[in-house]
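A.B. asks: Any chance you could fold what I've pasted below:
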Amino acid sequence: MNMDDLPVFVVSAVQQDSPQLTGKVNRWRWVGEGHIAYLCFGGNKFVEGKFRNVRRFRKIVSFAFKDPDLAPEIKPGESIRYFDSYWGERALIVLDRSLDWQEISFEPRDAIKTFHDGTKEEIPGGWDHEHCAICWATISQKENQDFMKSSQDDCVCLACFHNHVEPRNIDFIKEA
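C.D. replies: Residues are numbered from 1 along each chain as shown. Below is the predicted model of the structure:
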């Protein structure tokens, strides 16, 4: 999969006071009332929002920006590729060129267990694993001990880092 394979939202109207977009989607993928989506601008800028006012038979939807201050200048007639929240979160990690990455080895950390009565107990070394933010592989002392960590604390196994993050490859997305 590449960016050209993603579904497209074609803007028919821009409501400036919200801001909110209205338009059509070319494929009925990842669209539903209240579904989180990421509009993609220029290949590496993503803006989060939710689909609203979904009219499935006509393939007409609105897109409400999560943070209106981040809404770029958009004009009717523009075609904008989009991701759903699941694949979008992963694509953001892969395509965000502002992230700095560091290879580190996993070490268990202390965990805090909270009981129903509100009491807490510290468990030394209780946080014994993480998961790759792309493929969900376990990162622990037993498997994938060496991994990459981003400047925003994203954990990525070495295989996903070399196969997806370094080459900016989103072919892990299977259903667009």
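A.B. asks: What segments of this structure are helices?
C.D. replies: 85-95, 158-160 (DSSP state H).
A.B. asks: Worst mean pLDDT among those helices?
C.D. replies: The weakest mean pLDDT among the helices of the chain belongs to helix 85-95, with a mean of 92.
A.B. asks: For that helix, give me every contacting residue.
C.D. replies: Among residues not part of helix 85-95, those counted as contacts by CB atoms under 8 Å, 6 or more residues apart in numbering are 30, 35-38, 40, 43-44, 46, 48, 82-83, 99, 133-134, 150, 154, 156, 164-165, 168-170, 172-173, 175-176. In short, each C-beta sits where N, CA and C put it, glycine included.
A.B. asks: Narrow those to those that are buried.
C.D. replies: Buried residues within the contacts of helix 85-95, counting neighbours by 16 or more other CB atoms under 10 Å: 30, 36-38, 40, 46, 48, 82-83, 99, 133-134, 150, 154, 156, 164-165, 170, 173, 176.
A.B. asks: Can you add distance to Pro108 and give the helices of the chain back as CSV?
C.D. replies: Converted to CSV, those look like this (distance: least, CB to CB, whole Å):
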stretch, distance to Pro108
helix 85-95, 24
helix 158-160, 19
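A.B. asks: re the thing from before, from the contacts of helix 85-95, which ones fall inside strands?
C.D. replies: 36-38, 40, 46, 48, 82-83, 150, 156 (DSSP state E).
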